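1. Predicted model follows, preceded by the sequence.
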Amino acid sequence: MTVNDVSGAIVDAAIQVHRDLGPGLLESVYETVLAYELEQRSLAVERQASIPIQYRSLQIADAFRADLIVNQQVIVELKSIEQVAPVHKKQLLTYLRLTRMQVGLLLNFGCDVMKSGIHRVANNAPN
């Protein structure tokens with residue numbers, strides 16, 4: 001599957017989860033249910049994936065945790081908040097740069113309509 005196929009499947013699954021559960025639950029609930037939906041669609045899902053980074057000679061084994069990594073192609077960060085702040089997109093872009101992945105999705109399940117809670121972030125920096 002291409003990264004666009006994977007991200008499309010993630011968006012479809014997120015919309016389905018939001019339709020079924022509605023807004024306002026904890027992020028951990030959406031993470032569990034979205035991972036289940038994606039696995040039902042035959043996608044490989046890593047939850048709370050520990051990401052190491054290296055800064056000069058310092059190796060940090062557990063620098064951050066990605067909510068979901070799907071098919072080792074797309075990082076998914078989940079929120080259940082009133083409104084996404086610019087810092088959330090910057091954070092996801094940093095995750096993409098550090099993992100050298102190209103595409104991330106920031107999904108805010110706190111919105112009344114899921115379509116307005118979907119933000120695609122692309123890392124155009126060369127690997």
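-> Arrived safely. Numbers count the residues shown, from 1 in each chain.

2. List the buried residues for the biggest strand by length in the chain?
-> Within the chain, and with DSSP state E defining each element, the longest strand by residue count is strand 58-70. For strand 58-70, the neighbour count (16 or more other Cβ atoms under 10 Å) marks 66-70 as buried. Where C-beta positions appear, they are placed from N, C-alpha and C, glycine not excepted.

3. got those residues as CSV, with distance to R47 and pLDDT columns?
-> Shown next, in CSV, are the buried residues of strand 58-70 (distance: Cβ to Cβ, whole Å; pLDDT from 0 to 100):
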residue, distance to R47, pLDDT
A66, 9, 96
D67, 7, 97
L68, 6, 98
I69, 9, 98
V70, 10, 98
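
4. Return the closest of those with respect to E46.
-> Distance to E46 across the buried residues of strand 58-70 (Cβ to Cβ) is lowest for I69, with 4.4 Å.

5. For the closest one, list each beta-bridge partner.
-> With DSSP bridges as the criterion, I69 is bridged to E46, I75.

6. Surely it and V45 touch.
-> Yes. If you go by Cβ atoms under 8 Å, I69 and V45 touch, sitting 7.5 Å apart.

7. For V33, give me phi and psi.
-> Main-chain dihedrals, V33, degrees, to the nearest 10: phi -70, psi -40.

8. can you tell me how far the residue most central in space within the chain sits from S57?
-> With distances taken as Cα atoms, centre = their mean, the residue of the chain nearest its centroid is V76 (0.7 Å). In this view, V76 and S57 are 31 Å apart by Cβ to Cβ, to the nearest Å.

9. One more: I10?
-> Using Cβ to Cβ, we find I10 at a distance of 36 Å from S57.

10. between these two, which one's more packed in?
-> Higher neighbour count among I10 and S57: I10, with 27 against 5, using other Cβ atoms under 10 Å.

11. follow-up on the earlier one: in contact with the residue nearest to the residue nearest to the centre of the chain when sequence neighbours are not counted: list those residues for me.
-> Take V76 and drop its neighbours on the chain: the residue closest to it by Cβ to Cβ, 6 or more residues apart in numbering is L68, 3.9 Å away. Each residue near L68 by Cβ atoms under 8 Å, 6 or more residues apart in numbering is listed here: 31, 34-35, 38, 45-47, 49, 75-76, 78.
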